[in-house]
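> With the sequence up front, the predicted model follows.
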Amino acid sequence: MKVIVAKTAGFCWGVRRAMDAVLEASARSNGKLQTLGPLIHNPQALDLIERRGVSIAQSLEAVEDGIVVIRAHGIPIQDLRKLRERQQNGGLEIVNATCPEVAKVHSRIKKFSPRGYFTIILGTRGHAESTAHQSFAEHGSVIISTVEEARALPDEQLEKVLVVAQTTFTLKDFGEICAVLKERAKDIIIENTICQDTWTRQSEAAELAKSVDAVVVVGGKNSSNTKHLAELAHHCGKPVQFVETAQELDVVALQDFDAVGVLAGASTPTWLVDDVVAVLEQGGRGPGRTTQLLRALFASPLLLAIGAAFMTSGVHRLLSLPHNLNYAAVVGTYVMAMFMLNQLLDPAGLRGQGASQKRSLERNRRLIIAVGSICLAVSLGLAALLGWGSVLMVLIASALGLTYKRGFRIGRRTLSLKAIPASKDILVSTALAVLAVAVPLWHYDWAWSPRAWSGVLLVAALVFARTTIHDLHEMQKDQILGKETLPILIGRRATKIVMISLLVCSLVAVMLFSSFDVFRHPGLAVVLLTCSTAYPILHLWLFHERFSVGQRGFRPPMELAFYLLGLLVAV
């Protein structure tokens, strides 16, 4: 079975903007954070932000003091005015996440309704967006969705008419209904307010449905634009499965098809699409064996752990520290232990994972705990061979790593490192820089020279680049991250600037303060060092893609930068 994923599948820019607004608000909020009505129409995405501390106020009266986020679909103008009155009185902050495309419809209605135009809204009755549109129509309004309803409108409503559309309405129906209204209305203004993203999705849906044998549509059952995609696929005469999650798929019914297309609504997070594609590929032929092997190997924490060990050996060679494989092994096994065990220590549970990853973790829980515990014991045992100071540092780093997500109790209070903004990216890079460079420097009583500090900075920069690029990839896949990640705290663009600046500064510092005469091939050492710091930037530029499962090719791992630095031991 060949699985083809629509390029437009996943959050539209308006939904992504709303999600970013909520996450930004959560990063600076210490009090109540709520949305007035569901932020978007996707239960799984709403469940994730709810576990980030975001509640839903189902009515205006239920809004409490704190921060209230206006949903992407907008709210009636009367409700917005009441919220602004409360804001002026203090105690309430409004974050308006109304999609700009929705706001454009409001502006059209506000322009023509006071001039006596009756507003006809092409959309779904009861839908939050259409309800909000109606509130701006001072001279009356009606919501219709079919040609028959257009023909049934009374003549008195068609004297002066403004026609707008819900931003997710279908182009085909818009054209047919407007043709009828043009024939009947005496004075008519037609504003095509269907979002361009909707045009693109509907166009791609029709084209994709024609080129495959069956279609799977992923998204919330109450999402208007997702329903329209399913209807378009049905009109093309292809079998359609409309699912919210991968668990709802009937894979058996699809196994005999050569090609299956996957569409997703504007409020469907990409990780849900990834899960669906993963299940479809497992049911069919899926990727080739070579690609499966490469994915399995390079998605493994083993690659990260070995890379960390290589990086440790490489920076020791750069600093002319005595060659001791124990330190590389301590760092490698520590990384392996933290990676394995932290997957199971999130208080939110495994629901925060994608469906396929969740099943894998549940199925292998005992094995993961066993391997993680053994790696931690080996790390502590090897550290004991290097001295009690090394053991103490590994113990402290392990305690911080294992309590990071769950926190620890002091009296009646539970303190959590995760609550500190940007803590994950900063603490991970700091911990590895300390274990890989600072502890060996103390052990060998090495002078804290600019050369030594440049080594610490180099490791911290490479690890920081790895963690932040991982965060950016997760955000690109519409994962819901928290304020413990730098991109949520300062934004994607600023994070990239910080990462690139840190890498450049570390390279410059090493070039200035290191002696390359210790290498047999100084020129090759400079090339490897430069490549190790440049690779994260190149990786971000070349492989910043939306889908991980749907792509057939192989993407080199971010950890390759660690291995490039580790090659210094050979030159």
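Ah, there it is.

> In terms of secondary structure, what does whichever helix or strand residue 305 is part of contact?
Element membership for residue 305 (DSSP states H and E) is helix 301-318. Contacts defined by 3 or more C-beta pairs under 8 Å, 6 or more residues apart in numbering; DSSP states H and E place helix 301-318 against helix 325-342, helix 450-476, helix 522-542, helix 560-566. Glycine gets a C-beta too; all of them are placed from N, C-alpha and C.

> closest to residue 254 out of these?
Of all these, helix 450-476 sits nearest to residue 254, with 27.4 Å by C-beta to C-beta.

> Buried ones in the closest one, by neighbour count?
Buried residues in helix 450-476, counted by 16 or more other C-beta atoms under 10 Å: 451-452, 454-469, 471-476.

> give me every residue that touches residue 239.
Contact analysis of residue 239 by C-beta atoms under 8 Å, 6 or more residues apart in numbering lists 213-215, 253, 257.

> Sorry, wrong one. I was asking about residue 559.
Residue 559 makes contact with 303-304, 307, 466, according to C-beta under 8 Å, 6+ apart.

> What are the phi and psi values at residue 519?
phi -90, psi 150 (degrees, to the nearest 10).

> Could you report the pLDDT at residue 544?
We have a pLDDT of 60 for residue 544.

> What about residue 8? Give its phi and psi, please.
Residue 8 has phi and psi values of phi -90, psi 0 when expressed as degrees, to the nearest 10.

> That one: what's it in contact with?
Residues near residue 8 by C-beta under 8 Å, 6+ apart: 197, 200-201, 204.

> Could you tell me how far it is located from residue 208?
10 Å (C-beta to C-beta, to the nearest Å).

> re the thing from before, by how many degrees do the helix holding residue 305 and helix 450-476 diverge?
160 degrees (axes from the mean of the first three to the mean of the last three C-alpha atoms, to 10 degrees).

> Can you classify residue 162 by secondary structure?
For residue 162, the secondary-structure state derived from DSSP: H, G, I helix; E, B strand; the rest coil is strand.

> For it, list each beta-bridge partner.
Assessed by DSSP bridges, residue 162 has beta-bridge partners residue 119, residue 189.

> Can you give me the neighbour number for it?
Neighbours of residue 162 under the rule other C-beta atoms under 10 Å: 25.

> go on, residue 385?
Residue 385 has 12 neighbouring residues, counting by other C-beta under 10 Å.

> repeat for residue 64
Residue 64 has 14 neighbours, counted by other C-beta under 10 Å.

> which residues sit in contact with the closest residue to it other than its chain neighbours?
Leaving aside its sequence neighbours, residue 64 sits nearest to residue 32 (C-beta to C-beta, 6 or more residues apart in numbering; 5.1 Å). Contacts for residue 32 (C-beta under 8 Å, 6+ apart) come out as 55, 64-67.

> where does the stretch 201-350 of the chain have low pLDDT?
Scanning the stretch 201-350 of the chain for pLDDT under 70 picks out 283-300, 345-350.

> all strands in it, in order from the N-terminus.
Listed in chain order, the strands of the stretch 201-350 of the chain (DSSP state E, counting those that start in this stretch) span residues 214-218, 240-243, 259-264.

> per the record, what domains does this structure have?
For the chain, automatic domain parsing gives the domain ranges 11-99, 103-194, 200-286, 295-570.

> Dump the contacts of residue 559 into CSV; add distance to residue 435 as well.
As requested, these are arranged in CSV below (distance: C-beta to C-beta, whole Å):
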residue, distance to residue 435
303, 19
304, 14
307, 14
466, 15
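
> quick revisit: among the strands of the stretch 201-350 of the chain, which is nearest residue 3?
The closest of the strands of the stretch 201-350 of the chain to residue 3 is strand 259-264. By C-beta to C-beta, the value is 5.5 Å.

> helices and strands around the closest one, which ones?
Packing partners of strand 259-264 (3+ C-beta pairs under 8 Å, 6+ apart): strand 2-5, helix 196-211, strand 214-218, helix 224-235, helix 270-283.

> Could you report the neighbour count for residue 171?
If you count neighbours by other C-beta under 10 Å, residue 171 ends up with 17.

> quick one: it from residue 228, how far?
In terms of C-beta to C-beta, residue 171 sits 10 Å off from residue 228.

> what touches both of those two?
Jointly contacting residue 171 and residue 228 under the rule C-beta under 8 Å, 6+ apart are residue 202.

> Compute the inter-axis angle for the helix holding residue 305 and helix 325-342.
150 degrees.

> Tell me which stretches of the stretch 51-200 of the chain form helices.
With helices called from DSSP state H, counting those that start in this stretch, the stretch 51-200 of the chain shows them at 77-89, 100-112, 128-135, 147-151, 171-184, 196-211.

> Residue 419 is nearest to which of the ones you listed?
In terms of C-beta to C-beta, the element of these nearest to residue 419 is helix 77-89, at 26.6 Å.

> pLDDT score for the nearest residue to residue 387 once chain neighbours are set aside?
In this structure, residue 387 finds its nearest non-sequential neighbour in residue 443, 6.1 Å apart by C-beta to C-beta, 6+ apart. At residue 443, the predicted lDDT confidence score is 88.

> Identify the residues contacting residue 443.
Counting by C-beta under 8 Å, 6+ apart, residue 443 has contacts 386-387, 389-390.

> Among those, name the ones in strands.
Using DSSP state E, no member of those falls in strands.

> Which pair of those residues spans the longest distance?
386 and 389 (8.1 Å).

> of the two, who's got more company?
With neighbours defined as other C-beta under 10 Å, residue 386 and residue 389 compare such that residue 386 has more, 18 against 12.

> Touching, that one and residue 328? I think so.
No: here residue 386 does not reach residue 328: they are 11.6 Å apart, not a contact under C-beta atoms under 8 Å.

> What sits closest to residue 43 if chain neighbours are left out?
Nearest non-adjacent residue to residue 43, counting by C-beta to C-beta, 6+ apart: residue 220, 5.9 Å away.

> Let me fix that, I meant to ask about residue 524.
In space, residue 524 comes closest to residue 571 once its chain neighbours are excluded; the distance is 4.8 Å by C-beta to C-beta, 6+ apart.

> number of nearby residues for residue 518?
Neighbour count of residue 518, defined by other C-beta under 10 Å: 13.

> neighbours around the spatially closest residue to it that is not a sequence neighbour, how many?
The shortest distance from residue 518 to any non-neighbouring residue, by C-beta to C-beta, 6+ apart, is to residue 320 (5.3 Å). Per other C-beta under 10 Å, the neighbour tally for residue 320 reads 13.

> ok, residue 320 touching residue 519?
No: at 10.0 Å, residue 320 and residue 519 do not qualify as touching, with contact defined as C-beta under 8 Å.

> Quick check: phi and psi on the closest residue to residue 55 other than its chain neighbours?
Excluding the flanking residues, the one nearest residue 55 by C-beta to C-beta, 6+ apart is residue 34, at 4.7 Å. For residue 34, the backbone dihedrals (degrees, to the nearest 10) come out as phi -140, psi 160.

> So for stretch 561-571, mean pLDDT?
For stretch 561-571, the per-residue pLDDT averages 94.

> Show me the contact partners of that stretch.
For stretch 561-571, contacts defined as C-beta under 8 Å, 6+ apart pick out 307-315, 317-318, 323, 458, 462, 465-466, 519-521, 524-525, 528-529, 531-533, 535-536, 539.

> Likewise for stretch 104-124?
74, 77, 129-130, 132-134, 136-145, 150, 153, 157-167, 169, 173-174, 177, 181, 187, 189, 191, 193, 224.

> And the residue nearest to residue 231 when sequence neighbours are not counted, how close does it get to residue 276?
Excluding the flanking residues, the one nearest residue 231 by C-beta to C-beta, 6+ apart is residue 170, at 7.4 Å. Residue 170 sits 23 Å away from residue 276, taking C-beta to C-beta as the criterion.

> Pick out whichever of these two has more residues nearby.
Between residue 170 and residue 276, counting by other C-beta under 10 Å, residue 276 is the more crowded of the two (33 against 24).
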